[in-house]
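> Sequence unavailable; structure follows:
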């Protein structure tokens with residue numbers, strides 16, 4: 001598996017391009033930056049994106065999705081539950097699998113930051129959007145956010161993944177750009193919460209200290 005990372009957008013957003021390293025099939029996660037930033041990498045590696053994966057539909061993560069979809073009209077826009085906003089959408093449900101060359105991406109529905117928040121698990125990589133960052137979780141201050149729901153998503157669906165799973169999040173907010181699940185738990189007080197109530201308390205303390 002080959003992963004390319006591109007930073008830009010509205011707030012240190014991260015867009016990812018990945019392939020199996022042998023075929024020309026590829027996927028892009030979160031159209032946060034102009035396609036021109038990715039185009040030379042795509043062309044130099046003779047790739048054709050067939051899937052445009054959406055971790056959630058906040059504007060900063062989908063700002064350039066129409067541009068990507070126009071450039072690759074055969075690519076499916078994969079978004080949790082479907083949005084009706086883009087042509088050629090594939091409405092995802094929790095546990096759905098998506099084939100990209102020889103790779104299988106599993107969609108993990110992780111509501112909390114938003115109701116359509118989705119992580120994509122591919123081999124030992126987790127593309128986590130705004131559900132988990134390096135050192136902390138996503139915030140729950142926007143419309144549709146729910147702190148308790150976020151805890152259940154993380155504790156029940158993500159923290160059960162192998163410790164060597166590498167987290168590729170939606171923003172470059174931490175001291176490093178990517179991190180293993182084990183290392184992230186060790187450095188993040190939010191991920192060390194003992195139960196749901198403790199997580200809510202820790203999130204409230206985090207917001208007060210910002």
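That came in fine, so what should we check first? Only a predicted model underlies this, so the values are computations on that prediction, with no experimental measurement involved.
> Run a quick neighbour tally on residue 19.
If you count neighbours by other CB atoms under 10 Å, residue 19 ends up with 24. C-beta here means a position set from N, CA and C on the backbone, and glycine is covered the same way.
> Verify the contact between it and residue 102 for me.
No: in this structure, residue 19 is not within contact of residue 102 by CB atoms under 8 Å, at 9.2 Å.
> wouldn't residue 21 be in contact with residue 3 here?
No: look at residue 21 against residue 3 with CB under 8 Å: they stay out of range, at 9.7 Å.
> who's more crowded, these two?
residue 3 (17 against 12).
> Validate this expectation: that one resides in a strand.
Yes: with DSSP: H, G, I helix; E, B strand; the rest coil as the criterion, residue 3 is located in a strand.
> who touches it in this structure?
16-18, 125, 168 (CB atoms under 8 Å, 6 or more residues apart in numbering).
> what's across from it in the sheet?
Residues in a beta bridge with residue 3, per DSSP bridges, are residue 18.
> Next, work out how far apart the most centrally placed residue in the chain and residue 165 are.
Among the residues of the chain, the one closest to the centroid is residue 129, at 2.7 Å (CA atoms, centre = their mean). Distance, residue 129 to residue 165, by CB to CB, to the nearest Å: 15 Å.
> Let's see the pLDDT reported for residue 119.
Listed pLDDT for residue 119 reads 98.
> Quick check: it vs residue 37, distance?
Applying CB to CB, the value for residue 119 to residue 37 is 23 Å.
> likewise residue 87?
23 Å.
> With residue 208 instead?
36 Å.
> got it, and residue 173?
19 Å.
> Now residue 149. Its backbone dihedrals?
Residue 149 has phi and psi values of phi -60, psi -40 when expressed as degrees, to the nearest 10.
> Check what pLDDT the closest residue to residue 30 other than its chain neighbours gets.
Nearest residue to residue 30 in three dimensions, chain neighbours excluded: residue 61, at 4.5 Å (CB to CB, 6 or more residues apart in numbering). We have a pLDDT of 98 for residue 61.
> residues in contact with whichever strand or helix holds residue 61?
Using DSSP states H and E, residue 61 maps to helix 59-62. Contact with helix 59-62 is made by 9-11, 13, 30-32, 54-55, 85, 129-130, 170, as judged by CB under 8 Å, 6+ apart.
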